[in-house]
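J.: curious how this folds, go ahead:
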Amino acid sequence: MRVLALVVVLPFRVLWEGLTLAGRFLVRYVLAPLGEAMAWLWRYAVAIPAAWVWRYLIAIPVVWVCRYLVAVPAVWIWRHLIVAPGMWLAGPAAWSWRYLVAVPVGWLWRAVIAPAPLVFYRWVLRPIGIGVAATVRFLVDCVVNPVLVPVGRAIIWFLTAGWKGTAWLAVRFYRWVLRPIGIGLAWTWRYSFGALFRGLAYTWNVTVRPTLGWLRIAVGWRR
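T.: Residues are numbered from 1 along each chain as shown. From the prediction side, this is the model:
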């Protein structure tokens, strides 16, 4: 096992240690200085010039242009061409709005529109309602109570009495006319026509039917 370890493991161990030392040397003495140099180069060759270009060649000119070519003229236009004329016109506009629109509309509302429902009710609906109520009261006092109510009561009494009289007559007519006639017809049927039919049936069954049977036998109709 020791020989195997010396032959196989030891060379790989030595190789690994050598690669580790070489990597540490490369990182410490080659890559780290190269990275610092690249960082220094990026800072002083790219970042600082780009920041200077952005600040002095782009941002400051753009701010100057926006300030003196856009903002200052816009403020001047707003103050002298919009606000000042607006303030100068605000007085006449307010006066015109007040005396040409607000005052006439307010007077129209107070004098015409708002009182219109009350006037319509007072001079149209209320007289119509009073007239209709007086007409209904007149009809009730002069037509309904003295005429229609007695006529209605008379009609109701007549219909009630007529119905009761008709019912009484119908009961008496059935009891004293229809019922005796029905009983008589039933008795007559039972003891005359019924007895006659029963006699004829008995005669047929006793005499005629046996005779016909014998004749059929004698003639040879029945085998």
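
J.: how near is residue 94 to residue 145?
T.: Counting by CB to CB, to the nearest Å, the gap from residue 94 to residue 145 is 70 Å. No exception for glycine: its C-beta is placed from N, CA and C like everyone else's.

J.: ignore what I typed, I meant residue 137.
T.: For residue 137, the distance to residue 145 - CB to CB - is 11 Å.

J.: do residue 26 as well
T.: The gap separating residue 26 from residue 145 is 131 Å, by CB to CB.

J.: again, but for residue 138
T.: According to CB to CB, residue 138 and residue 145 sit 11 Å apart.

J.: likewise for residue 156?
T.: 16 Å.

J.: equivalent analysis for residue 102, please.
T.: For residue 102, the distance to residue 145 equals 60 Å [CB to CB].

J.: show me the helices in the protein, by range?
T.: Assigned by DSSP state H, the chain shows helices spanning 2-4, 10-26, 32-42, 48-52, 60-65, 72-77, 84-96, 103-108, 115-120, 126-139, 149-173, 179-188, 194-203, 209-219.

J.: in CSV: these, plus mean neighbour count.
T.: Compiled in CSV, the helices of the chain are given as follows (neighbours: other CB atoms under 10 Å):
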stretch, mean neighbour count
helix 2-4, 7
helix 10-26, 10
helix 32-42, 10
helix 48-52, 10
helix 60-65, 10
helix 72-77, 10
helix 84-96, 10
helix 103-108, 11
helix 115-120, 10
helix 126-139, 10
helix 149-173, 10
helix 179-188, 10
helix 194-203, 11
helix 209-219, 10
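
J.: want to try TSV for the ones you listed, with mean pLDDT as columns?
T.: Output for these, formatted as TSV (pLDDT from 0 to 100):
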stretch	mean pLDDT
helix 2-4	57
helix 10-26	77
helix 32-42	85
helix 48-52	88
helix 60-65	87
helix 72-77	86
helix 84-96	72
helix 103-108	82
helix 115-120	76
helix 126-139	82
helix 149-173	72
helix 179-188	79
helix 194-203	73
helix 209-219	68
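
J.: no further queries at this time; thank you.
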